[in-house]
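**Student:** just a sequence and a predicted model for now, questions to come.
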Amino acid sequence: MYVLGVFAAVALLLAAIGIYGVMAYSVTQRTQEIGIRMALGADSRRVLAHVLSSVFRLALVGVAFGLAAALACTRLLTTLLYNVQPTDFATFGTVSALLISTAVVASLIPAWRASKTDPARTLRSQL
């Protein structure tokens, strides 16, 4: 069990690093859009909320597909479980919340960088 726990923690860390990398790249690619939004009056809190909400929506979609796949695979895993129901909703809920919170936390730094975009610099770089 300890080995499985360590592997699960490493997998969660790798997922967080991957989400951070994808979000950092996405924010870099959208710098002009974010700069124009800020030049038109969006404050940093709104930009931060926009980036985090997009991550939250993507995480919800991913968790929904993962839950559907996990529920579909419960018949295959029934023989491997000991004193646990295959459809243990507490486990599904806890893991779902952990994955969504990991995705949001991993994207905080790119979202913060997006909220600190200088609109004047962005508009000058378009010329």
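**Tutor:** The structure has been received and is ready for your questions.

**Student:** can you tell me how far the closest residue to Lys116 other than its chain neighbours is from Arg37?
**Tutor:** Residue nearest to Lys116 in three dimensions, not counting chain neighbours: Ser44, with 6.7 Å by C-beta to C-beta, 6 or more residues apart in numbering. For the C-beta atoms, the positions are set from N, CA and C on the backbone; glycine is no exception. Note on Ser44: its distance to Arg37, by C-beta to C-beta, to the nearest Å, is 11 Å.

**Student:** more neighbours: these two, which one.
**Tutor:** For Ser44 versus Arg37, neighbours defined as other C-beta atoms under 10 Å are more numerous around Arg37 (19 against 13).

**Student:** at the geometric centre of this structure, which residue sits there?
**Tutor:** Centroid-nearest residue in the chain: Ala103, 2.6 Å away (criterion: C-alpha atoms, centre = their mean).

**Student:** what about that residue, which helix or strand?
**Tutor:** Following DSSP states H and E, one finds Ala103 within helix 89-106.

**Student:** off-centre distance for that helix?
**Tutor:** Averaging C-alpha positions (C-alpha atoms, centre = their mean, to the nearest Å) puts helix 89-106 10 Å from its chain's average.

**Student:** residues in contact with it?
**Tutor:** Around helix 89-106, the neighbours that count as contacts under C-beta atoms under 8 Å, 6 or more residues apart in numbering are 12, 15-17, 19-20, 23, 52, 55-56, 58-60, 62-63, 66-67, 70, 84.

**Student:** repeat for stretch 44-64
**Tutor:** 19, 23, 27, 34, 37-38, 42, 96, 99-100, 103-104, 107-108, 110-112, 114-117.

**Student:** again, 6 Å this time
**Tutor:** The contact list for stretch 44-64, computed with C-beta atoms under 6 Å, 6 or more residues apart in numbering, reads 34, 96, 99-100, 103-104, 107, 111, 114-115.

**Student:** and stretch 117-127, by the same measure?
**Tutor:** Residues contacting stretch 117-127 (C-beta under 6 Å, 6+ apart): 32, 34-35, 38-39.

**Student:** thanks again, I'm all set now.
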